[in-house]
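Got a predicted model here, sequence first, then my questions.
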Amino acid sequence: MSMYSGKPNSLNFKSDCEGLAGNRGSGVMSVGQSLVLDSEKGELVKSLGKTGKKRGVSEAKTVAALKSHSEAERRRRERINAHLETLRGLVPGKEKMDKASLLAEVISQVKQLKKTAKQASEDLHIPTDSNEVKVEQLDDTEDRSFSFRASICCHYRHDLLSDTRQCLNVLPVDLAEVEISTLEGRVKIVFVLTGRRDGMNESAEARELIASSIHEALSCVVDKASASEEFSQQLMLPHKRQRVHYLDYP
């Protein structure tokens with residue numbers, strides 16, 4: 001029967017401890033020098049050294065981005081201030097006005113200028129870029145006649161005048177005056193139409209019905225001109241070449 005002794009072998013235990021101490025002293029298993037695989041280089045590198053390098057690059061990029069953003073913001077503010085100074089020069093007596101009040105004043109003046117320009121163009125009968133039909137009733141005269149001022153603005157076509165006269169001939173009014181102005185293929189025609197009050201058109205409702213009939217007739221003329229303009233633009237566009245499919249027969 002063999003006997004087992006719980007006392008460790010002192011010689012072997014001491015040797016093992018010395019070996020472990022030797023390994024710790026060599027630094028092979030040091031935590032601070034652990035290795036990781038770099039996927040880009042395909043080799044092992046020191047993890048702490050790589051992390052520190054990446055952190056330095058990231059911080060440098062952050063500083064550069066903040067500097068670029070700050071510079072862009074500075075240039076933007078300079079442009080805004082330059083535009084505001086230009087606006088202050090256009091608005092007399094507004095040197096000490098704050099930015100919000102200055103912009104409100106400029107917007108108000110621009111709206112007024114647009115209104116003035118529109119009124120001036122109406123008085124000069126200058127054609128605009130938009131198609132329109134207007135009919136308004138003028139004041140009654142002492143000779144028991146009534147009159148309307150009507151205008152159309154549209155693209156010019158060769159049969160525009162004949163179509164306009166034809167549509168007006170069927171209405172209970174006479175053509176008293178007409179003014180025609182053209183600009184770059186656009187035309188504006190202003191008519192003064194008169195009629196006499198009798199039993200059929202004595203009331204205001206009857207004259208409103210006549211005004212509505214004039215507007216409807218002239219709208220047909222403008223719509224025809226618009227259709228002609230659209231068709232002309234389609235003809236001017238280059239035609240796409242049709243794709244030809246070739247079939248191989250056995």
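Received it, and whenever you're ready, just let me know what you need.

going forward, measure contacts and count neighbours with C-alpha atoms only.
OK.

sec struct for residue 193, please.
At residue 193 the chain is in strand, as set by DSSP: H, G, I helix; E, B strand; the rest coil.

Might you report the residue contacts of it?
Residue 193 makes contact with 147, 148, 149, 150, 173, 174, 175, 176, 177, according to Cα atoms under 8 Å, 6 or more residues apart in numbering.

and after the longest helix belonging to the chain, which helix or strand comes next?
Criterion DSSP state H: the longest helix present in the chain is helix 47-90. Using DSSP states H and E, the helix or strand that follows helix 47-90 towards the C-terminus is helix 99-124.

and the angle for that following helix with helix 47-90?
Here the directions of helix 99-124 and helix 47-90 differ by 50 degrees (axes from the mean of the first three to the mean of the last three Cα atoms, to 10 degrees).

quick one on the thing from earlier: can you turn the buried part of the contacts of residue 193 into a PyMOL selection?
Entered in PyMOL, the line below selects the buried ones among the contacts of residue 193, by 16 or more other Cα atoms under 10 Å:
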select buried, resi 147+148+149+150+173
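
which among the contacts of residue 193 gets closest to residue 129?
Closest approach to residue 129 among those (Cα to Cα): residue 150, at 18.1 Å.

Okay, now the unreliable bits of this protein?
Counting by pLDDT under 70, the ranges of the chain that qualify are 1-57, 94-95, 121-123, 140-144, 197-202, 227-250.

can you list the domains in it?
Following automatic domain parsing, one finds the domains of the chain at 60-124, 132-235.

Pick the most deeply packed of those.
Burial of the domains of the chain is given as mean neighbour count (mean count of other Cα atoms under 10 Å); domain 132-235 ranks first at a mean of 16.
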